[in-house]
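Q: Any chance you can model this:
(chains A, B, C and D)
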Number of protein chains: 2
Amino acid sequence: MFIKIEIDSDVPIYTQLANELIEGIANESLQPGDSLPSVRSLAGDLGINMHTVNKAYRELDNKGIIQIIPKSGAVVSTPTSGEASLLRVETAMRPVIAEAMAIGLSENEIVSMMKELFFKIKEVRP
Amino acid sequence: MFIKIEIDSDVPIYTQLANELIEGIANESLQPGDSLPSVRSLAGDLGINMHTVNKAYRELDNKGIIQIIPKSGAVVSTPTSGEASLLRVETAMRPVIAEAMAIGLSENEIVSMMKELFFKIKEVRP
DNA sequence: TTATTGTTCTATAGTTAGTATAACAGTGTT
DNA sequence: AACACTGTTATACTAACTATAGAACAATAA
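A: Residues are numbered from 1 along each chain as shown, chains lettered A, B, ... in the order given. As a prediction, this is how the structure comes out:
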């Protein structure tokens, strides 16, 4: 697995895990239809608790990014970008843009930073 | 004051307050050199605790967005966009971009959303 | 059948968020 | 000089969140 967890970070483990999985989907290391490892096996690999992995999975399920099939497993969903998803991303993006503006970045500088991150996330292919 | 707090939100009060102040600076309702209300008076206006306001102020101070003058008050800083600030914004922006990609948004769609938010934040002038 | 799956429940320890009260020392004004 | 106001610090308490742990259940897949 490509997942790294920083145990002594200020960001919760389940959030780190969810973010790493999201990046994996964003750079197509994980593709629609792919099965995720079971909560028990992934927890074992990462040296963390089963329930922590489960919480990360449920978060991604709530966001519609993966689908948890009861008593079976978790599968990467086909991207939809529905109304709820768009609103969620906008809500998350807003304070980041505001902070960028507050430290004096111009619109073009913010766009540049965004594009740079876009390719940094996309180009993790081996 | 232009600040609204949702008391029963899942995002902490001090984070909401910090974000609102950042937006105020971003749209120039608050300009460099402007004094912020005292922690006690703002807490009274918002119906929240003094320490909660203080925590928001200290967070903005740590980010270099305002400057707390000991035993005196808080003042909006002149934007610098130093190395640390840029890194902080990038770190905050990364998971948001990744999630946008994961729900199937293209680079242009993300840029459009970003620009839309940029002007939505900027154009709160009366 | 058997092992594995997500799900649910209880329990515990540590941290964070928020409020509350009090006191201190420097600032600004009168 | 006197006085109100400032941020700062300390303690205390409740509630919620994070993370771990163990156990048990019912459905799935081999």
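Q: Let me see the domain layout of chain A.
A: A:13-76, A:83-122 (automatic domain parsing).
Q: Would you mind putting these into TSV with mean pLDDT and mean neighbour count alongside?
A: (Each C-beta comes from the backbone N, C-alpha and C, glycine too.) Putting these into TSV (pLDDT from 0 to 100; neighbours: other Cβ atoms under 10 Å in any protein chain shown) gives the following:
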stretch	mean pLDDT	mean neighbour count
domain A:13-76	96	17
domain A:83-122	97	18
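Q: Just put those in TSV and tack on distance to DNA strand D.
A: Shown next, in TSV, are the domains of chain A (distance: least, Cβ to the nearest atom of the strand, whole Å):
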stretch	distance to DNA strand D
domain A:13-76	3
domain A:83-122	15
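Q: want to try CSV for those domains, with distance to B:S77 as columns?
A: What follows is the domains of chain A, written out as CSV (distance: least, Cβ to Cβ, whole Å):
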stretch, distance to B:S77
domain A:13-76, 30
domain A:83-122, 9
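Q: Mind putting those into TSV with distance to chain B?
A: As requested, these are arranged in TSV below (distance: least, Cβ to the nearest Cβ, whole Å):
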stretch	distance to chain B
domain A:13-76	4
domain A:83-122	3
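Q: and B:E59, which of those is closest to it?
A: With Cβ to Cβ as the measure, domain A:83-122 is the member of the domains of chain A nearest B:E59 (11.0 Å).
Q: DNA strand C contacts on chain A?
A: Of all the residues in chain A, those in contact range of DNA strand C (Cβ under 7 Å from any atom of the strand) are A:10, A:36-41, A:50-51, A:54, A:57-58, A:68-74.
Q: Which ones among the residues you listed map onto strands?
A: Among those, the members falling in strands (DSSP state E) are A:68-69, A:73-74.
Q: Switch the residues you listed over to TSV; also include distance to B:F118.
A: As requested, these are exported to TSV (distance: Cβ to Cβ, whole Å):
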residue	distance to B:F118
A:I68	36
A:I69	40
A:G73	41
A:A74	36
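Q: What are the phi and psi values at A:I66?
A: Backbone torsions of A:I66, given as degrees, to the nearest 10, read phi -130, psi 170.
Q: just checking, it touches A:G73?
A: No - A:I66 lies out of contact with A:G73 (Cβ atoms under 8 Å); the separation is 10.0 Å.
Q: Now list whatever residues contact both of these two.
A: Shared between the contact lists of A:I66 and A:G73 (criterion: Cβ atoms under 8 Å, 6 or more residues apart in numbering or on different chains) are residues A:L36.
Q: so how far is the longest helix anywhere in chain A from its chain's centroid?
A: Across chain A, the longest stretch assigned as helix under DSSP state H is helix A:83-102. Helix A:83-102 has its C-alpha centroid displaced from the chain centroid by 15 Å (Cα atoms, centre = their mean, to the nearest Å).
Q: tell me the helices in chain A, going along the chain?
A: A:13-26, A:39-46, A:50-62, A:83-102, A:107-122.
Q: Specify the angle between the first one and helix B:83-102 in degrees.
A: In this case it means helix A:13-26. Computed by axes from the mean of the first three to the mean of the last three Cα atoms, to 10 degrees, the angle separating helix A:13-26 from helix B:83-102 equals 60 degrees.
Q: could you say what helices and strands helix A:13-26 packs with?
A: Using 3 or more Cβ pairs under 8 Å, 6 or more residues apart in numbering or on different chains; DSSP states H and E, the elements in contact with helix A:13-26 are helix A:50-62, helix A:107-122, helix B:83-102.
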